[in-house]
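[1] What shape does this take:
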Amino acid sequence: MFSIIAAVGKNNELGKKGDLIFHIKEDMQFFKETTTGHTVVMGFKTWESLPKKLPNRKNIVVSFEEIEGPDECVTDLVQFIKDNENTNEEIFVIGGGSIYAQFIDHAKRIYLTEINGEDSEADVFFPTFDKSKYKRTVLQKGNSGKLSYEMCRYEV
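    Numbers count the residues shown, from 1 in each chain. Next up is the predicted model:
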């Protein structure tokens, strides 16, 4: 089963200039706790943005060519989705924007930290999806500086 995990601004902003827009300590902790012990799938740019391989997780990178470092490289995303969408394992899709867009219709769960903030310079966005098709559960609410946020789980 595929799950997506992301933090987004009011306008679905994810990132700019190769980095996250919002750095909220509680969101980073939530990401770590939620994905540890699972497989994480990411695009090449997300992989490059990490300081190192994410520990205690199987790191899979979607790339047109084999690269050094991750546990596995996936060059055929369509086949990967077909092979894994009915597994009992929760596989987390962690970015970036184009990878989210390719998995959004296959995700059974979407963990979104919805941040009450925006950035007009954002250059990567989370894809829109029909939220009415999901049950929304607020897992946690909080504030970080002037930003308020809700950590939510959308489940089919």
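[2] does residue 122 count as helix, strand or coil?
    Assigned with DSSP: H, G, I helix; E, B strand; the rest coil, residue 122 falls in the coil class.
[3] now that we're looking at it, which residues does it contact?
    When contacts are counted by CB atoms under 8 Å, 6 or more residues apart in numbering, residue 122 touches 9, 11, 13, 14, 15, 16, 21. For glycine as for every other residue, the C-beta is placed from the backbone atoms N, C-alpha and C.
[4] If you count neighbours, what's buried in stretch 83-100?
    Residues 84, 91, 92, 93, 94, 95, 96, 97, 99, 100 are the ones in stretch 83-100 that count as buried (16 or more other CB atoms under 10 Å).
[5] Tell me the one of the residues you listed nearest residue 111?
    residue 92 (8.3 Å; CB to CB).
[6] Could you name the helices and strands sitting against the strand or helix carrying that closest one?
    Applying DSSP states H and E as the criterion places residue 92 in strand 91-93. Helices and strands touching strand 91-93, by 3 or more CB pairs under 8 Å, 6 or more residues apart in numbering; DSSP states H and E, are strand 2-8, strand 39-43, helix 97-103.
[7] Mind putting the ones you listed into TSV with mean pLDDT?
    TSV is the format used below for the helices and strands packed on strand 91-93 (pLDDT from 0 to 100):
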stretch	mean pLDDT
strand 2-8	98
strand 39-43	97
helix 97-103	97
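[8] among the ones you listed, which is nearest residue 30?
    strand 2-8 (8.5 Å).
[9] Whichever helix or strand comes after that closest one pairs with which strands, and in what direction?
    Per DSSP H and E, the first helix or strand lying C-terminal to strand 2-8 is strand 13-16. Strands adjacent to strand 13-16 in the sheet, as given by DSSP bridges, are strand 19-20 (antiparallel), strand 124-125 (antiparallel).
[10] Return the most buried member of the ones you listed.
    strand 124-125 (a mean of 19; mean count of other CB atoms under 10 Å).
[11] Can I get the helices and strands packed on strand 91-93 in a markdown table including distance to residue 60?
    As requested, the helices and strands packed on strand 91-93 are exported to a markdown table (distance: least, CB to CB, whole Å):
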| stretch | distance to residue 60 |
| --- | --- |
| strand 2-8 | 12 |
| strand 39-43 | 5 |
| helix 97-103 | 11 |
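[12] which residues touch the most centrally placed residue in the chain?
    For the chain, the residue nearest the mean C-alpha position is residue 94 (2.9 Å; CA atoms, centre = their mean). Contacts were defined as CB under 8 Å, 6+ apart; by that measure residue 94 touches 5, 6, 31, 35, 40, 41, 42, 46.
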